[in-house]
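Undergrad: Sequence and predicted model, in that order:
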Amino acid sequence: TRDLAIAIDGPAAAGKSTVARKVAQKLSYIYIDTGAMYRALTLKAIQTGKDLENGEGLAQLLFQTNIELVQETDGQHVWLDSIDVSKDIRTNKVTSHVSYVAEHPQVRKEMVDRQQKLVEQRRVVMDGRDIGTHVIPDAEVKIFMIASVKERAERRHKENLQQGFRSDLGELREEIRKRDEIDSKRETAPLVKAKDAIELDTTSLSVDEVVECIISIVKNKQ
Ligand code: C5P
């Protein structure tokens, strides 16, 4: 079998990370959550009071920032300058600001450089918005995962309640819609399906069904 790079893109809360993690586990590949990198920079920018409209300033901040994705027994952890921020990057505050940080071409250039270094050896499953179009344009497998906004908000809502977080379905729907809009309309590497990506509508599929579907696509390429 060949070593592959698997790119999974799609709108917010489509279940990309859950699916990508499971696919990686099954193949003994490394899972890389690129959204976590943008979230970590956003957290640091907020904490240090940076202007989120200043792309050059945010890029300078990123140059002085160490972001590490570490596989631990209970899942992937995100380390920001030697602090575990795995939970802090999922707060509403970070979620509602991250798309403004990710819009800046100067920020994206450095993020994409870092991400490309991680895929040189293949055997990776990477999820994000621009993986199939910009980060790994030559990925052997490209998946574009979609689901209705209603379904995505409901899944997130359930997840939040299960974890004991406060959750408002209407707010979630609005946050997801807004984030998709900014991500899709930005000039640099917007959220768009790569020409050679396979679109998977997961609205009425279970996580395991989506995982199986991707694994069978991978087997055909190996
Ligand atoms: O995947 P996640 O929802 O954690 O991503 C958070 C945000 O990071 C996205 O809404 C988007 O603005 C940005 N992002 C991006 N490009 C990626 C991954 C994430 O612009 N490859």
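TA: Received, thanks. Numbering: from 1, shown residues only.
Undergrad: Give me every residue in this structure lying close to the ligand.
TA: 12, 34-35, 38-39, 98-99, 102, 128-131, 179, 183 (CB under 6 Å from any ligand atom). Using the backbone N, CA and C atoms, a C-beta is placed for each residue, glycine as well.
Undergrad: give the contact list for the residue nearest to E103 when sequence neighbours are not counted.
TA: Leaving aside its chain neighbours, E103 sits nearest to R186 (4.6 Å; criterion: CB to CB, 6 or more residues apart in numbering). By CB atoms under 8 Å, 6 or more residues apart in numbering, the contact set of R186 is 99, 102-103.
Undergrad: picking that back up, in strands, which of the residues of the chain next to the ligand appear?
TA: Taking DSSP state E, the ones among the residues of the chain next to the ligand that sit in strands are G128.
Undergrad: Just the buried residues from the residues of the chain next to the ligand, in ChimeraX please.
TA: In ChimeraX, a selection of the buried entries from these looks like this (16 or more other CB atoms under 10 Å):
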select :12,34,35,38,39,98,99,102,128,129,130,131,179,183
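Undergrad: could you dump the residues of the chain next to the ligand to JSON lines with pLDDT?
TA: What follows is the residues of the chain next to the ligand, written out as JSON lines (pLDDT from 0 to 100):
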{"residue": "A12", "pLDDT": "95"}
{"residue": "T34", "pLDDT": "98"}
{"residue": "G35", "pLDDT": "98"}
{"residue": "Y38", "pLDDT": "98"}
{"residue": "R39", "pLDDT": "98"}
{"residue": "V98", "pLDDT": "98"}
{"residue": "S99", "pLDDT": "98"}
{"residue": "A102", "pLDDT": "98"}
{"residue": "G128", "pLDDT": "98"}
{"residue": "R129", "pLDDT": "98"}
{"residue": "D130", "pLDDT": "98"}
{"residue": "I131", "pLDDT": "98"}
{"residue": "R179", "pLDDT": "96"}
{"residue": "D183", "pLDDT": "97"}
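Undergrad: so of the residues of the chain next to the ligand, which ones are in helices?
TA: Among the residues of the chain next to the ligand, DSSP state H puts 34-35, 38-39, 98-99, 102, 179, 183 in helices.
Undergrad: Name the member of those residues with the shortest distance to the ligand.
TA: G35 (2.4 Å; CB to the nearest ligand atom).
Undergrad: What sits closest to the closest one if chain neighbours are left out?
TA: Nearest to G35 is G128, by CB to CB, 6+ apart, at 5.9 Å.
Undergrad: ditto for E187
TA: According to CB to CB, 6+ apart, the nearest residue to E187 is P105 (7.5 Å).
Undergrad: OK, contacts around the one you found?
TA: 55, 187-188.
Undergrad: Most neighbours out of the residues you listed, which is it?
TA: G55 (18 neighbours; other CB atoms under 10 Å).
Undergrad: related to what we said a few turns ago, any idea which of the contacts of P105 is closest to the ligand?
TA: T188 (9.0 Å).
Undergrad: ok, for that closest one, nearest residue in space, not its chain neighbours?
TA: P105 (4.2 Å).
Undergrad: where does the one you found fall, phi/psi-wise?
TA: phi -60, psi -30 (degrees, to the nearest 10).
Undergrad: can you check L191 too?
TA: The phi/psi pair for L191 (degrees, to the nearest 10) is phi -70, psi 110.
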